[in-house]
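*Asks:* Here is a sequence with its predicted model. Questions after.
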Amino acid sequence: QVQLEESGGGLVAPGGSLTLSCSSSEFVLSSYWIHWVRQAPGKQREFVAGITFRGTSTHYSPSSKGRFTISRDNGKNTVYLEMNSLKPEDTAVYYCAADSRLKLSPSAQYQMWGQGTQVTVST
């Protein structure tokens with residue numbers, strides 16, 4: 001059951017930028033750790049970034065650190081993933097996921113998921 005909504009995906013050239021958004025009309029996201037995870041065709045799901053309830057702490061994968069920034073606006077009940085210097089290997093479906101604690105494992109089961117948004121980095 002889809003409980004979160006992602007938006008902002010699309011086609012971008014290498015070196016470009018995109019900002020993804022994650023929101024919910026049913027749940028207050030400030031009660032959860034929010035994660036961005038991604039999955040490319042034929043590849044294992046991968047943790048990208050996570051942020052604490054109040055945004056006081058963030059975690060990034062080695063591949064996203066320095067290029068991606070996760071943030072949240074609890075007043076808008078929205079979490080963002082700003083992606084810069086995008087590479088073709090960033091192409092994937094990006095999902096936001098919520099849980100009561102930070103989960104980094106590719107096989108992690110989260111309490112809530114979104115439907116995903118496609119990010120394609122290509123010329």
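*Replies:* That came in fine, so what should we check first? Residues are numbered from 1 along each chain as shown.
*Asks:* Low-confidence bits of the protein, can you list those?
*Replies:* 1 (pLDDT under 70).
*Asks:* Show me what the residue nearest the centre of it is bridged to.
*Replies:* Nearest to the mean C-alpha position of the chain, by CA atoms, centre = their mean, lies Trp36 at 2.4 Å. Under the criterion DSSP bridges, Trp36 forms beta bridges with Ala49, Cys96.
*Asks:* Would you check how far apart it and Ser30 are?
*Replies:* Distance, Trp36 to Ser30, using CB to CB, to the nearest Å: 17 Å. Every C-beta, even on glycine, is put in place using the N, C-alpha and C of the backbone.
*Asks:* How about the contacts made by the closest residue to Thr19 other than its chain neighbours?
*Replies:* Excluding the flanking residues, the one nearest Thr19 by CB to CB, 6 or more residues apart in numbering is Glu82, at 4.8 Å. By CB atoms under 8 Å, 6 or more residues apart in numbering, Glu82 lies in contact with 17, 19, 68-71.
*Asks:* export the one helix or strand Glu82 maps to as PDB, just CAs?
*Replies:* If you go by DSSP states H and E, Glu82 is part of strand 78-83. C-alpha atoms of strand 78-83 as PDB (Å, rounded to 0.1, in the frame of the first residue of the first chain):
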ATOM      1  CA  THR A  78       7.900  17.200   2.900                       C
ATOM      2  CA  VAL A  79      11.400  15.700   2.600                       C
ATOM      3  CA  TYR A  80      13.700  16.600  -0.300                       C
ATOM      4  CA  LEU A  81      16.600  15.000  -2.100                       C
ATOM      5  CA  GLU A  82      18.700  17.500  -4.000                       C
ATOM      6  CA  MET A  83      20.900  15.700  -6.500                       C
END
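*Asks:* What pairs with that strand, parallel or antiparallel?
*Replies:* Counting by DSSP bridges, strand 78-83 is paired with strand 18-23 (antiparallel), strand 68-73 (antiparallel).
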